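Student: How does the following fold in three dimensions:
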Amino acid sequence: PLRAGTPVSEPVGRPVTPGTDRRCEVAFDGAHVEDGTHAVRSGLQREGIVTEAAVPAGFPTQPGADFVAARYLNPDRIAVVQVGTRPGPDGIETFINVERLEPSEDQN
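Tutor: Numbers count the residues shown, from 1 in each chain. The predicted model follows:
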């Protein structure tokens, strides 16, 4: 657990997308965009996260992204998910990236 005054870890890899406050990414060897997209859609459905939201104008699409979508996590929070492929350390890899947007009056 974080204690008062403990600095938050800096992000590793690419810079944090402006306007987001949380991010999670997984990547695995091979080109599996269809399977990754199916897993994302199925997981969101299972969790009841089904209300579509617009991907904010200017939100950066990652190079290689084949699927980009946004969903309301609750009435005040939107998350953007991207699934795609890119060069990895062992050849092509599939990535699934989720970023939670900071609350905005525009989302209410």
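
Student: so where does residue 40 fall, helix or strand?
Tutor: helix 33-47 (DSSP states H and E).

Student: For that helix, buried residues please.
Tutor: 33, 36, 37, 40, 44 (16 or more other C-beta atoms under 10 Å). Heads up, the C-betas are built off the backbone N, CA and C, glycines and all.

Student: Beyond it, next helix or strand please.
Tutor: strand 52-53.

Student: residues making contact with that next one?
Tutor: Residues from elsewhere that reach strand 52-53 (C-beta atoms under 8 Å, 6 or more residues apart in numbering): 69, 70, 71, 72, 78, 107.

Student: Filter the residues you listed down to the buried ones.
Tutor: So, by 16+ other C-beta under 10 Å, the buried ones in those are 69, 70, 71, 78, 107.

Student: Please tabulate those in TSV, including the columns pLDDT and distance to residue 100.
Tutor: Formatted as TSV, the buried ones among the contacts of strand 52-53 follow (pLDDT from 0 to 100; distance: C-beta to C-beta, whole Å):
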residue	pLDDT	distance to residue 100
69	96	14
70	97	10
71	97	11
78	95	8
107	48	11
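
Student: Looking at those, which is nearest residue 95?
Tutor: residue 69 (14.7 Å; C-beta to C-beta).

Student: so what's the closest one up against?
Tutor: Residue 69 touches 52, 55, 80, 81, counting by C-beta under 8 Å, 6+ apart.

Student: That one: helix or strand, and which one exactly?
Tutor: Per DSSP H and E: strand 65-74 holds residue 69.
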